[in-house]
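*Asks:* I'll drop the sequence and a predicted model, then ask my questions.
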Amino acid sequence: MRNQWPVLPIVAGLAAGLLTGCGSEDGASGGSGSSVVMGMSDDVLATDPASGYDPGSWLLFNNVFQSLLSFPKGGTEPEPEAAKQCSFTDTRAMVFRCELKDGLKFSNGDDLTSEDVKFSFDRMLKINDSAGPAIMFPMLRKVEAPDAKTVVFRLKVPDATFPSKIASGAGSIVDHRQYDANGLRTDDKAVGSGPYKLDSFDKDEAVFSVNSDYKGTAEVKNSGITLKFFHGDQAGLKKALEDGDVDIAYRGLSATDIADLDQQDGKKGVDVVEGNSAEVQHLVFNMKDPVAGKLGVRKAMAYLLDRDALVKNVYQGTATPLYSIIPAGIAGHNTAFFDTYGARPSKEKAAAVLRAAGITGKVKLTLWSTPSRYGPATDQELTAIAGQLNASGLFQADVKSVGFDQYEKDIAQGKYGVYVKGWVPDYPDADNFTAPFFGKGNVLGNNYSNNTITGSLIPGTAAQSDRSATDKDFGKLQDIVADELPVLPVWQAKQYALARDGVYGLEYCLDASTVFRFWELSKS
């Protein structure tokens, strides 16, 4: 998922086996308890699931819409949600069949059938919005609805991670009577079958009420949610939390504010809740750039990067150093960059690789940032990295920032040599940290390709239904990336939310699945 601000895979045999429901099939029909007000600095960029591919939009999708499968709290294995059961019907993981639950309805009272599921996927792929999740489904050949309760997905290539993909926000089911098959919805409304209804949405807030027609696994513990948008105003969000104008602050508080409130240990009536996160950030190198395209330059930067200093001084301990492209907590993770370049900066090794590459004099380069997308700390981070490089005497680096729209255009045109990219996973599997970055048509736009990765490792791991059997190949992939250095991993985030006294349930909203579950929140 394209990050806006800054564990385990499917167990052996599960992807190829039968996924059946084991929890409640009838969630809360009305909701109870008080309503909860939550503030965040992220914007919700879309209310239409065919468009949104950002954390704010998926927060809305995961609560307003249903998917066939979903991730249970604390879990990373998809389980039935709108589906009664799902399974691959072949040994190659190319035909995936789901049977819907009885009595499914949208929040407007319309019946939800297999026609709506087929329509939702066909529509998303047909619209193929540049800011949408269609990029996740290049393997999908067609969707069939042989009867009202059966959906069959036929894939072009084997993909054992397909259940995880459709369990994400990208699998949101829309009402075929309410959405245009050929275009995006533009009225800021949404009709889904999830635990909540979207009552209103504008630039300042979104209001959600409990969907009495919902039939699924969620048990709603509140009577509604109001989501207030602070549009990057971190100070305003902190003040609103301390003043009691919001009950919860989620995504967007600065590392300094989080550390300050954590040290207060509840004295201001605010508690800090920490959860697992697989959000990562990398420096990306344009492989065709006249400076960053040189392997010696990239290796010298890898030898000089002091991740510990960045985590301590810029992020106040709210992140951890990252030494590979697959984060800790995701099966398949190794420490390829630690093993290759070490944890402590080495001017001597950096100088040696530059000499070996025939590079003399200081290396001049610019680090490009877009704080409007990745948060104000991004500029501080890149300034600190430039300082580390310059302190070696081997580099003359500076930092420049631009707005996100311009940033993306310039990357597409190859104007930047070194730039930052953040990533919040769509689903908790190593595939989602490799295929989007290094597969065909990847999201980095850095002109990197490796035939072993694209021709063997990515398709081979995707086809393996026993996800634990992919560790060796994912290890090879990470080692190749560490050696060729198209990206330089920097940090892995910790996930935080802050709540006023008397607010409960946040611990069930912060896990590696990245699903923020409104229904778990309650207030006394």
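*Replies:* Done, it's in.

*Asks:* State the distance from the most centrally placed residue in the chain to residue 246.
*Replies:* With distances taken as Cα atoms, centre = their mean, the residue of the chain nearest its centroid is residue 424 (2.3 Å). Noted for residue 424: a distance of 22 Å to residue 246, by Cβ to Cβ, to the nearest Å. C-betas here are computed from N, CA, C, even on glycine.

*Asks:* With residue 133 instead?
*Replies:* For residue 133, the distance to residue 246 equals 29 Å [Cβ to Cβ].

*Asks:* list the buried ones in stretch 273-292?
*Replies:* For stretch 273-292, a neighbour-count test (16 or more other Cβ atoms under 10 Å) marks 273, 275-287, 289, 291-292 as buried.

*Asks:* Same question for stretch 75-93.
*Replies:* For stretch 75-93, the neighbour count (16+ other Cβ under 10 Å) marks 75-84, 86-88, 93 as buried.

*Asks:* In helices, which of the buried residues of stretch 273-292 appear?
*Replies:* Taking DSSP state H, every one of these sits outside helices.

*Asks:* so of the residues you listed, which ones are in strands?
*Replies:* Mapping the buried residues of stretch 273-292 onto strands (DSSP state E) picks out 273, 275, 280, 281, 282, 283, 284, 285.

*Asks:* Within the sheet, what are the partner strands of the helix or strand hosting residue 249, with directions?
*Replies:* Assessed by DSSP states H and E, residue 249 sits inside strand 248-250. The pairing partners recorded for strand 248-250 under DSSP bridges are strand 36-40 (parallel), strand 495-500 (antiparallel).

*Asks:* Need the contact partners of that strand.
*Replies:* With contacts defined as Cβ atoms under 8 Å, 6 or more residues apart in numbering, strand 248-250 is touched by 36-40, 237-238, 240-241, 497-500, 503, 506, 516, 521.

*Asks:* so how far is residue 445 from residue 319?
*Replies:* 24 Å.

*Asks:* again with residue 345
*Replies:* On the measure of Cβ to Cβ, residue 345 and residue 445 end up 28 Å apart.

*Asks:* Would you mind telling me which of those two has the busier surroundings?
*Replies:* residue 345 (21 against 17; other Cβ atoms under 10 Å).

*Asks:* Just the helices from the stretch 401-524 of the chain, written as ranges.
*Replies:* 404-412, 435-438, 451-452, 458-463, 471-484 (DSSP state H, counting those that start in this stretch).

*Asks:* Which neighbouring elements make contact with the second one?
*Replies:* Counting by 3 or more Cβ pairs under 8 Å, 6 or more residues apart in numbering; DSSP states H and E, the packing neighbours recorded for helix 435-438 are helix 458-463.

*Asks:* for the helix or strand harbouring residue 384, which positions count as buried?
*Replies:* According to DSSP H and E, residue 384 maps onto helix 377-391. Of the residues in helix 377-391, 377, 378, 379, 380, 381, 382, 383, 384, 385, 386, 388, 389 count as buried by neighbour count, 16+ other Cβ under 10 Å.

*Asks:* got a markdown table for the residues you listed, with pLDDT too?
*Replies:* A markdown table is the format used below for the buried residues of helix 377-391 (pLDDT from 0 to 100):
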| residue | pLDDT |
| --- | --- |
| 377 | 87 |
| 378 | 92 |
| 379 | 94 |
| 380 | 94 |
| 381 | 96 |
| 382 | 97 |
| 383 | 97 |
| 384 | 98 |
| 385 | 98 |
| 386 | 98 |
| 388 | 98 |
| 389 | 98 |
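
*Asks:* Pick the one among those residues closest to residue 336.
*Replies:* Nearest to residue 336 out of the buried residues of helix 377-391 is residue 385 (Cβ to Cβ; 19.8 Å).

*Asks:* List the residues that contact that closest one.
*Replies:* Counting by Cβ under 8 Å, 6+ apart, residue 385 makes contact with 283, 305, 310, 367, 397, 490.

*Asks:* Model confidence score at the last one, please.
*Replies:* In the predicted model, residue 490 carries a pLDDT score of 98.

*Asks:* same thing with the third one?
*Replies:* In the prediction, the pLDDT value recorded for residue 310 is 96.

*Asks:* Check which helix or strand it maps to.
*Replies:* Going by DSSP H and E, residue 310 is in helix 307-313.

*Asks:* Tell me the helix or strand right after that helix.
*Replies:* strand 319-321.

*Asks:* Now the element after that following strand, going C-ward?
*Replies:* For strand 319-321, the following helix or strand on the C-terminal side (DSSP H and E) is helix 336-341.

*Asks:* What lies in contact with that following helix?
*Replies:* With contacts defined as Cβ under 8 Å, 6+ apart, helix 336-341 is touched by 299, 302-303, 305, 323-325, 349, 475, 478-479, 481-483, 488-489.

*Asks:* Out of those residues, the closest to residue 438 would be?
*Replies:* Nearest to residue 438 out of the contacts of helix 336-341 is residue 481 (Cβ to Cβ; 7.0 Å).
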